[in-house]
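Engineer: Here is a sequence with its predicted model. Questions after.
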Amino acid sequence: MIRLYLDEDSMARAVLRGLRAAGFDVLTTTEAGMRGRPDPDQLAFGASRRRVIYTANIGDYSRLHAESWVEWFEHAGIVVLTEQRLSPGEQIRRLVRLSAEVGDDGMVHRIEFLGDFG
């Protein structure tokens, strides 16, 4: 399974508990002592620990992904929650599906939108 790093936009307790129960290795910004840090720092932190960032911040992380190609910065991957109304259970089901499709290292320098895994 992909190793996840949940940013402040996606840290709902039910999602966190459900992901861990499903077998995901999950780290949150709070647990990492990164709460309140800017998005570029979050992406770099996740990359340094080979963790895919899970976020609801589509605008900033889409831009950061595009900039990473220009700046030759390879991140560990980005998964964007595109549908804010998805239940925690549905988010977990889709993350399980995505993880099964891409494998452990398949997210390197990719951005995926959770809505595509419905």
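Structural biologist: Great, that's in hand.
Engineer: So for the protein, which residue is the most central one in space?
Structural biologist: Centroid-nearest residue in the chain, with C-alpha atoms, centre = their mean: residue 54, separated by 1.9 Å.
Engineer: Need the phi and psi values for that one.
Structural biologist: With angles defined as degrees, to the nearest 10, residue 54 sits at phi -110, psi 120.
Engineer: Just the helices from the chain, written as ranges.
Structural biologist: 13-21, 39-48, 58-70, 88-102 (DSSP state H).
Engineer: Any chance of the ones you listed in CSV with mean pLDDT, mean neighbour count and distance to residue 111 as columns?
Structural biologist: From N, CA and C alone the C-beta is placed, and that goes for glycine too. CSV is the format used below for those (pLDDT from 0 to 100; neighbours: other C-beta atoms under 10 Å; distance: least, C-beta to C-beta, whole Å):
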stretch, mean pLDDT, mean neighbour count, distance to residue 111
helix 13-21, 95, 16, 19
helix 39-48, 95, 19, 11
helix 58-70, 92, 15, 4
helix 88-102, 96, 17, 12
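Engineer: Format those as CSV; extra columns: distance to residue 33.
Structural biologist: Shown next, in CSV, are the helices of the chain (distance: least, C-beta to C-beta, whole Å):
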stretch, distance to residue 33
helix 13-21, 17
helix 39-48, 10
helix 58-70, 21
helix 88-102, 24
